[in-house]
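S.K.: Sequence and predicted structure below; questions after.
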Amino acid sequence: MRNCCLLHVLCFLGAAVLPAANPKAQKALREGLRYESAGQWKEAEKAYSEAIQSDPDDGPAYQHRAKLRYSLNDYAHAIEDADQLVRLEPGSAEAYQLRGDVYRKLPNLRSALADYNRAIELKLDSPAIYNSRAAAHAGLGENAEAIADYTTGIKLRLDDPLPIKERGNIYAAMGRYRDAIDDYDQSISLKPDYLDAYLDRGFAWGQIGDFRRAVGDFDAVLKVRPKDAKASTLRGAAYLKLDQNEKAIADFSEGLKITPNDPYLYLARAAALARVERHAEALSDREQAVKLRPDLAEAYLARGGSYHQLGQHDQGLADRTKAIELQPDLPEAWFARGSAYYLLGDLAKARADLAEAVHLRPSYQEAIDVLKKTDQKLAESKKSEPAVTAQVTPLPAPEPPAPPQPAVTTPPEPVRTHAAAREPVNIHPPPAEPVKPKPAAAPPVVAKSSVSAEEHDRLGRALTASGKYPEAIAELSEAVRLKPDFSRAFNARGYAYLLKRDYQHAVADFDEAIRLDPNYANAYRNRSVTRKALGDVTGAAADLQKAR
C-alpha cells in the first residue's frame, strides 16, 4: 500500500510538470518515474530518452535523466542533459544546482562554483546549495569561503552531522585540529555510529600528539569495519609513535592484506620490524617496496639502511647511490651515504657527500655536525699540513621540489562518495631511518638546544624526504603554530600533503604560503601541480606562469 501511494505521488508530480501539448512525451516520462521508483534504472533511462525524442524541449525529461545518470556515475552524459536543462530553463535555480553537482563530480570545480553562485542569486536558500558550494570551495583550497558556507548550511539544518564533519575537515586542512575535533565531536553526538567522523577525529588526535585517543577512535572504526585499510594504517602509525611496535606490525600487516601493493606500508612495517631487531624481515619488506616502486628514492634509502645493519655495506652504499641518482636534491640521501662513508673510514668521500647535504639544506644540523667531525678527523690525519676544509656556502633555504607532473595528475578515488565529502587523507606511515652499519660507532646524537619553529620546520622537511608524512605534517604544523607567518613551513607542509595525494590540504597550505609571500615561486610551482591534479588546468597554468 505504501509503494502504491508513493507511485501516485510520483505520477502527480510528473503530471504537474509535463507539457500537456505532447501526450506521448508525458506518458514516457511517467513510465520513467515508475521504473525509477522500482529501481529499474536502464528502463527508466530508456523511458526518459523516449520522452526527449518525442519532445526535444521537454525540460523535466532532461532533468530526470540527468539525475539518473548522475546517480549511476555517468557524469559525461549527465552534464549534457544538465546543459540542455539550463538552456530550456535559464531561470531555474534547481537547474543550475543540478549542473553544479555534476560539474563537481567531473571534477570541474570552477564551473561548479559558478553554477552554485547562480543558483543562490536566483534565491535558492537551502542547506544543500550552501553545503555543495562549500565543498567546491574546499576542493579549490578556499578554506575561509568553505567554512562560511558550511556554517550557513549547518544553521539552516542543525541536525545534519555531515556538513559539521566536513567543516571539521576544513579546520583540519588548516591545521586547526582543536576546532576540527569540536566539529567531529558534534557530528558524532548527532550520529553515534558515524564511523567516518571517528576516522577523521582519530587523525586529528594524532596531529596534536594524543595518540592514545587516536587509537581509541581507530578501534571504533575497526570494530565495525575490520577491513578498513586506512584505519589499520593510521592505528599502526599511532602505535609506532607509542612505541608499541608489535601492535604496529600487526596493523600494518593487516593493511597489506587489504592493499598489498602499497610500498609505503611495506616501508612502515619495516620501520617497526627494525625497532624490534627483526632486521632480515625489515630488509625483505624494503626489498618489496623497491620492487613495487623502483623509482622511489626513499625505498632505496631505507633498504640501504637494512643492508648496513646486516653488515652488507657494498649493497648499502649502492642503494644510497641509487637514491641520489633518483632524487639528487634529496639531502637525506647524501647525508646517509656520507654517514656510511664516515663510519667505514672513507673520510674524503664522506666529506664530499656531507658537504652536498649541507649545500642542499644549510639548516641540516645532523649533517653539519657530522661534517665538522669529518673535518676534525681529516685535520688530525694531516697535522703536518694546514687543514683544508672546503667552505660550505650558505644558500637560501631550499624548498621541496615540485614532483614530476605525471605522478600526480590523476587524483586517487575517494573513500567516501557523498557529494559534500572531501577527499580522504591518505596517510602513509613512515619508513625507517637509514640504519647505521655495525662495525663502527655511530656519531653522537646532538641534543636540540631549543624547540623553535625553525627546528620543527627542519625536522618536518627531513621526515618528508624520508617518507614519514604523518610525522612530517605534525612537525610542520607545530612550526606554523609557533610562527603563524612562517611561509616556508606552510609550503613544506603542503608538499608533504601533496606527496600523499591529499590535494585539498595541500592547496590550502600553498594558498597560505603565497598569501604570506606573494613572490614565493616554489609555492606557485607546487600549487600548480596540485591544481592540475584537481582538474583545474587553467589555475595550474596560471600558477606555473607566476613561478617563472
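M.R.: That came in fine, so what should we check first?

S.K.: can we go C-alpha only for contacts and neighbour counts from here?
M.R.: Fine.

S.K.: which of the residues in the helix or strand where Ala25 lies are buried?
M.R.: Using DSSP states H and E, Ala25 maps to helix 23-37. Residues of helix 23-37 classed as buried: 25-36 (neighbour count, 16 or more other Cα atoms under 10 Å).

S.K.: can you pull the buried residues of stretch 144-161?
M.R.: 145-147, 149-154, 160-161.

S.K.: ok now that stretch, how far from the chain's centre?
M.R.: Here stretch 144-161 is found 23 Å from its chain centre; the criterion is Cα atoms, centre = their mean, to the nearest Å.

S.K.: I'd like the numbering to begin with 15 instead of 1 from here.
M.R.: Got it, first residue is 15 now, which makes that one stretch 158-175.

S.K.: Just to check, Asp129 is in contact with Val116?
M.R.: No - Asp129 lies out of contact with Val116 (Cα atoms under 8 Å); the separation is 10.3 Å.

S.K.: the more surrounded of those two?
M.R.: Val116 (30 against 23; other Cα atoms under 10 Å).

S.K.: which ones are touching the more buried one?
M.R.: Residues counted as contacts of Val116 (Cα atoms under 8 Å, 6 or more residues apart in numbering) are 84, 89, 92-93, 126.

S.K.: ok, and the most crowded of these?
M.R.: Ala126 (27 neighbours).

S.K.: Tell me the secondary structure of it, please.
M.R.: Remark: Ala126 carries the secondary structure label helix [criterion: DSSP: H, G, I helix; E, B strand; the rest coil].

S.K.: Now do it against Arg545, distance only.
M.R.: 15 Å (Cα to Cα, to the nearest Å).

S.K.: Likewise for Glu468?
M.R.: According to Cα to Cα, Glu468 stands 28 Å off from Arg545.

S.K.: neighbour-wise, which of these two wins?
M.R.: Shown here are Glu468 and Arg545; by other Cα under 10 Å, Arg545 has more neighbours (25 against 20).

S.K.: Looking at that one now. What's its pLDDT?
M.R.: At Arg545, the predicted lDDT confidence score is 89.

S.K.: So Arg475 is in contact with Glu485, correct?
M.R.: No - Arg475 is not in contact with Glu485 according to Cα under 8 Å; the separation is 10.0 Å.

S.K.: Between those two, point out the one with more neighbours.
M.R.: Neighbours per residue, other Cα under 10 Å: of Arg475 and Glu485, the larger number sits with Arg475, 31 against 25.

S.K.: Name the spans of the protein whose pLDDT lies under the cut-off.
M.R.: The model of the chain has pLDDT under 70 over residues 15-35, 397-465, 480.

S.K.: repeat that with 80
M.R.: Within the chain, the set of residues satisfying pLDDT under 80 comprises 15-35, 396-465, 476-481, 514, 561-562.

S.K.: how about the helices in the stretch 215-364 of the chain?
M.R.: 225-238, 243-255, 259-272, 277-289, 293-306, 311-323, 327-340, 345-357, 361-374 (DSSP state H, counting those that start in this stretch).

S.K.: And the third one, what does it pack against?
M.R.: The elements that helix 259-272 packs onto, with contact taken as 3 or more Cα pairs under 8 Å, 6 or more residues apart in numbering; DSSP states H and E, are helix 243-255, helix 277-289.

S.K.: Which one of the ones you listed lies nearest to Leu357?
M.R.: For Leu357, the closest of these is helix 277-289, at 19.7 Å, according to Cα to Cα.

S.K.: Give the other helices and strands that the closest one contacts.
M.R.: So helix 277-289, by 3+ Cα pairs under 8 Å, 6+ apart, packs with helix 243-255, helix 259-272, helix 293-306.

S.K.: Helix 243-255 and that helix, what's the angle between them?
M.R.: Computed by axes from the mean of the first three to the mean of the last three Cα atoms, to 10 degrees, the angle separating helix 277-289 from helix 243-255 equals 30 degrees.

S.K.: Give me the contact list for helix 277-289.
M.R.: Here helix 277-289 has contacts from 247, 251, 254, 259-260, 262-263, 266-267, 269-270, 293, 295-297, 299-300, 302-304, 306-307, 313, 316, 442-447, 481, using Cα under 8 Å, 6+ apart.

S.K.: which among those end up buried?
M.R.: Buried among the contacts of helix 277-289 by 16+ other Cα under 10 Å: 247, 251, 254, 259-260, 262-263, 266-267, 269-270, 293, 296-297, 299-300, 302-304, 306-307, 313, 316, 442-447, 481.

S.K.: now Pro141, nearest residue through space, not along the chain?
M.R.: Excluding the flanking residues, the one nearest Pro141 by Cα to Cα, 6 or more residues apart in numbering is Gly167, at 4.2 Å.

S.K.: Can you spell out which helices and strands pack onto the helix or strand hosting that neighbour?
M.R.: Following DSSP H and E, one finds Gly167 within helix 157-170. Other helices and strands packing on helix 157-170, by 3+ Cα pairs under 8 Å, 6+ apart, are helix 141-153, helix 175-187.

S.K.: want to throw the ones you listed into JSON lines with distance to Asp210?
M.R.: Output for these, formatted as JSON lines (distance: least, Cα to Cα, whole Å):
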{"stretch": "helix 141-153", "distance to Asp210": "17"}
{"stretch": "helix 175-187", "distance to Asp210": "9"}
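
S.K.: Which of those sits closest to Gln323?
M.R.: Each of those has some distance to Gln323 by Cα to Cα; the shortest is helix 175-187, at 38.1 Å.

S.K.: That closest one versus helix 157-170: what angle between them?
M.R.: Relative orientation of helix 175-187 versus helix 157-170 (the same axes, to 10 degrees): 160 degrees.

S.K.: For helix 175-187, which outside residues touch it?
M.R.: By Cα under 8 Å, 6+ apart, the surrounding residues in contact with helix 175-187 are 145, 152, 157, 160-161, 164-165, 167-168, 191, 193-198, 200-202, 204-205, 211, 214, 218, 434-436, 518-519, 522-523.

S.K.: Pull out the buried members of those.
M.R.: Buried, going by 16+ other Cα under 10 Å: 145, 152, 157, 160-161, 164-165, 167-168, 191, 193-195, 197-198, 200-202, 204, 211, 214, 218, 434-436, 518-519, 522-523, out of these.

S.K.: Might one say that Thr247 is in contact with Asp265?
M.R.: Yes - using Cα under 8 Å, Thr247 makes contact with Asp265 at a distance of 6.3 Å.

S.K.: picking that back up, identify whichever of the helices and strands packed on helix 157-170 lies nearest to Asp333.
M.R.: helix 175-187 (35.4 Å).

S.K.: pretty sure Phe349 contacts Leu368?
M.R.: Yes - the pair Phe349 / Leu368 is scored as a contact, 5.4 Å apart, by Cα under 8 Å.
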